[in-house]
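Novice: Following is a predicted model, sequence given first.
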Amino acid sequence: MKRTKIKELLTSPKIGSEIIVKGWVRTKRGNKNIAFIALNDGSTINNIQIVVDAASFDENLLKDITTGSCISVKGKLVESQGQGQQVEVNASVIDLYGKSDADAYPLQKKGHSMEFLRENAHLRFRTNTFGAVFRIRHAMAFAIHKYFNEKGFFYLHTPIITGSDCEGAGEMFHVTTLDLKNIPRNEAGGVDFKTDFYGKETHLTVSGQLEGELGALALGEIYTFGPTFRAENSNTPRHLSEFWMIEPEMSFYDLDDNMDLAEEFVKYLIRYALENCREDLEFLNNMIDKGLLERLQFVLNNEFVRMTYTEAVSILTASPRKWEYPVGWGRDLQAEHERYLVEEHFKRPVILTDYPREIKAFYMKQNDDGRTVRAMDVLFPGIGEIIGGSQREENYDKLLGRIREMKMPEKDLWWYLDTRRFGSAPHSGFGLGFERLILFVTGMSNIRDVIPFPRTPKNAEF
């Protein structure tokens with residue numbers, strides 16, 4: 001007889017049938033005559049109750065079944081006599097797969113802080129909260145591929161190891177096989193990367209965008225979805241050094257097309273979550289963030305406001321609010337500014353466009369005013385920026401001039417410049433930080449709690 005998942009038992013119960021269910025013990029209670037075991041196998045946030053007639057089982061076996069242990073149960077699925085569940089299993093055979101040291105097991109039946117659970121990230125999947133979060137994370141990853149496939153985009157695998165710095169910020173992790181205790185030097189005293197594995201200086205990628213553009217300028221519409229890395233010393237609830245990015249790149253899209261796609265995309269994902277992750281979302285709404293479901297529905301029900309960065313700065317400077325970070329034209333907006341626009345001023349998501357060129361990356365299309373570029377940022381309640389993108393500069397001379405102006409290594413970007421020499425085309429794209437999306441969809445408050453094993457400054461545990 002094959003195992004049946006608890007989700008199936010609860011959604012389409014076959015009363016009276018013999019079944020086998022396997023999972024981990026959440027709780028065990030009862031007396032010398034009868035025991036009630038709450039069993040969970042990860043397929044759903046709900047447990048199934050196992051009813052055990054103590055007289056039918058070895059006393060030592062029942063003693064060994066404690067919180068955290070793993071068991072297999074054969075029995076009959078029956079209507080529940082108690083409250084809180086519709087069905088339960090009358091056990092006839094129990095096999096103990098793995099005992100759990102009851103005194104040492106960290107996840108006792110009590111509330112645990114998020115920090116405590118991060119320290120026990122190898123076990124936090126077994127809690128209701130993190131089971132819900134990671135089932136939703138899976139559903140969102142699937143929905144991303146589903147959305148782009150339905151729209152005719154091609155999934156492009158861009159490199160994780162790269163010799164170029166997409167953002168020009170320099171906050172990159174080095175990749176090397178050099179002996180760090182005996183680093184070879186060149187005549188100028190610098191590191192001699194010619195003796196390294198790739199024969200040049202290489203890094204973990206901060207973005208797949210530049211390579212994605214190459215695909216888009218032949219395949220039309222592509223997207224990447226993979227890990228990216230930032231060696232940025234930021235210990236905030238919104239930053240990770242290893243995170244996942246979704247980056248579509250589209251030929252023949254201008255900035256308006258780009259904004260349309262971004263709005264349609266995030267609404268599709270939120271709708272998918274509401275339709276396919278309802279139980280997990282309801283749990284998180286009740287236990288983590290009382291306004292979660294309302295906020296998700298709010299984004300679906302409202303068109304996003306579209307306005308320029310300059311207009312946003314005017315609104316912010318006219319506000320009586322005391323800002324922690326000063327507001328002024330030419331300064332980057334901070335999360336407090338972005339959230340004010342979304343949550344208090346407009347009370348709906350906002351897309352800001354046409355940022356000052358000095359605070360944006362080299363590849364963004366320059367506007368005729370000489371001061372701004374065709375950038376866009378999508379701002380969400382509770383998060384701030386969730387998407388960043390732009391129309392890309394397709395003019396060779398303008399792109400080359402910007403690269404030189406920013407003193408970027410021209411020789412490392414020859415292949416990128418070539419796309420502007422050989423059949424250039426108007427094109428656009430954006431990046432959605434996957435963990436920022438999961439933060440919004442789950443209502444969690446710290447980005448370290450929506451990725452299985454967070455990588456942050458001074459932390460590479462597990």
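Specialist: All right, it came through fine.
Novice: Can you show me the strands along the stretch 101-250 of the chain?
Specialist: 154-155, 161-162, 174-175, 202-204, 221-229, 242-251 (DSSP state E, counting those that start in this stretch).
Novice: Same list, the ones you listed, but as CSV with mean pLDDT please.
Specialist: Shown next, in CSV, are the strands of the stretch 101-250 of the chain (pLDDT from 0 to 100):
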stretch, mean pLDDT
strand 154-155, 98
strand 161-162, 94
strand 174-175, 95
strand 202-204, 95
strand 221-229, 97
strand 242-251, 97
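Novice: Point out the most buried one among these.
Specialist: Across the strands of the stretch 101-250 of the chain, averaging neighbours per residue (mean count of other Cβ atoms under 10 Å) puts strand 242-251 on top, at a mean of 23. (Glycine included, C-beta is placed from N, CA and C.)
Novice: can you give me the offset of that strand from its chain's centre?
Specialist: 12 Å (Cα atoms, centre = their mean, to the nearest Å).
Novice: And stretch 225-243, by the same measure?
Specialist: 11 Å.
Novice: same question, stretch 394-409
Specialist: 32 Å.
Novice: Indicate which one of the strands of the stretch 101-250 of the chain is closest to Phe125.
Specialist: Phe125 lies closest to strand 242-251 among the strands of the stretch 101-250 of the chain, at 17.8 Å (Cβ to Cβ).
Novice: The closest one: what's the following helix or strand?
Specialist: helix 255-276 (DSSP states H and E).
Novice: mean confidence for that next one?
Specialist: Throughout helix 255-276, pLDDT has a mean value of 98.
Novice: residue ranges with poor pLDDT in the stretch 101-250 of the chain?
Specialist: Along the stretch 101-250 of the chain, segments meeting pLDDT under 70 span 166-170.
Novice: what about the helices in it?
Specialist: Shown for the stretch 101-250 of the chain, the helices assigned by DSSP state H, counting those that start in this stretch span residues 114-119, 128-150, 209-219.
Novice: nearest to Thr456, of those?
Specialist: Using Cβ to Cβ, the helices of the stretch 101-250 of the chain put helix 114-119 closest to Thr456, at 9.7 Å.
Novice: Which positions within that closest one qualify as buried?
Specialist: Neighbour counts using 16 or more other Cβ atoms under 10 Å place Met114, Leu117, Arg118 of helix 114-119 among the buried residues.
Novice: thinking the second one is in contact with Val133, fair?
Specialist: No: look at Leu117 against Val133 with Cβ atoms under 8 Å: they stay out of range, at 10.8 Å.
Novice: So for those two, which residues contact both of them?
Specialist: Asp449 (Cβ atoms under 8 Å, 6 or more residues apart in numbering).
Novice: Please name the residues that touch Glu405.
Specialist: Phe362.
Novice: quick one: it from Ala375, how far?
Specialist: 17 Å (Cβ to Cβ, to the nearest Å).
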